[in-house]
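Q: fold the following, please.
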Amino acid sequence: MGTLFHDITHILGGVKEGKRMVPCLYDHDLQAAPGPMRETFIGSIINLGFWDPMSCHFYKREIPPPGISSWTRIRLNWIDEAKIKVVTPGTETDVILGPLEKGSAKILAVKIPVSETSYYLVENRQPIGFDKHLPGSGILIMYADDTISECRHGNTPVKLMNADPSVPNFEGATFDIGAKDTFQDNKNRFKIQIKEKKAGSYKIHISGLPEGGSL
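A: Numbering: from 1, shown residues only. Next comes the predicted model:
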């Protein structure tokens, strides 16, 4: 099912200015390397791991594929723009971020632009709906660069920021209350803190950083 969805989604996304709107999110060069098929494919999911069927097709063979990331949903126009909160770096604000699979939530994704073509996306993944079959749950943060069209030569249009790199394949990528509750970008001088979780939604705090330091 994941493979079928993956290939149909390429078609649903279409082509704009000669580029696929929804490309494969695994690394093509690594996927083409010689070796056992499953092991080689897992070695290629260096961008979004098991968090999007455009990256992995499926998490485990005997269960349905994972749900879709906010990046892929946006490329498909499957998120109402009113449910995407845009926050400029340096702005201090709190956001209540609902589960990505809960369409009734007021805010489903946070977008933090850092240039005309690059930005961060913040989403809340909980085991509901199509997100029942995920490596975990919590807040995912990803960096996107719209100037990159395909995952080749070490480049990718979107990549997860990994909360716990000691866990392979981004299975520990989520940020959550406790030890992994803060993401900080010193170059663009902002940070994201997970403050509270209630009924599946998270209160996150976004704030700026002083020049050359942290808050």
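Q: from here on, contacts and neighbour counts on C-alpha atoms
A: Will do.
Q: distance between the least confident helix or strand in the chain by mean pLDDT and the chain's centre?
A: When the helices and strands of the chain are scored by mean pLDDT, DSSP states H and E, helix 37-42 comes last with a mean of 81. Relative to its chain's centre, helix 37-42 lies at 21 Å (C-alpha atoms, centre = their mean, to the nearest Å).
Q: distance between the helix or strand just after it and the chain's centre?
A: Tracing the chain C-terminally past helix 37-42 and defining elements by DSSP states H and E, one meets helix 53-56 next. The chain centre lies 11 Å from the centre of helix 53-56; the measure is C-alpha atoms, centre = their mean.
Q: please save the CA atoms from the helix or strand following helix 53-56 in PDB.
A: For helix 53-56, the succeeding helix or strand toward the C-terminus, using DSSP H and E, is helix 70-75. C-alpha atoms of helix 70-75 as PDB (Å, rounded to 0.1, in the frame of the first residue of the first chain):
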ATOM      1  CA  SER A  70       3.300  18.600   6.700                       C
ATOM      2  CA  TRP A  71       5.900  19.200   3.900                       C
ATOM      3  CA  THR A  72       4.300  16.700   1.600                       C
ATOM      4  CA  ARG A  73       0.800  17.800   2.600                       C
ATOM      5  CA  ILE A  74       1.700  21.400   1.700                       C
ATOM      6  CA  ARG A  75       3.100  20.300  -1.700                       C
END
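Q: the nearest residue to Asp185 once chain neighbours are set aside: neighbouring residues, count only.
A: Among residues not flanking Asp185 along the chain, Lys191 sits closest, at 6.0 Å (C-alpha to C-alpha, 6 or more residues apart in numbering). Lys191: 20 surrounding residues under other C-alpha atoms under 10 Å.
Q: I'd guess Lys191 is in a strand, am I close?
A: Yes - Lys191 sits within a strand when classified using DSSP: H, G, I helix; E, B strand; the rest coil.
Q: for the helix or strand hosting Glu123, give me every contacting residue.
A: Per DSSP H and E, Glu123 falls inside strand 118-125. Contacts with strand 118-125, where a contact means C-alpha atoms under 8 Å, 6 or more residues apart in numbering, come from 69-71, 97-101, 108-114, 131, 137-146, 201-202.
Q: which ones among the residues you listed map onto strands?
A: 97, 109-113, 138-145, 201-202 (DSSP state E).
Q: so which of these comes closest to Gly43?
A: Nearest to Gly43 among the ones in strands among the contacts of strand 118-125, counting by C-alpha to C-alpha, is Met142 at 19.3 Å.
Q: I appreciate the help and will end here.
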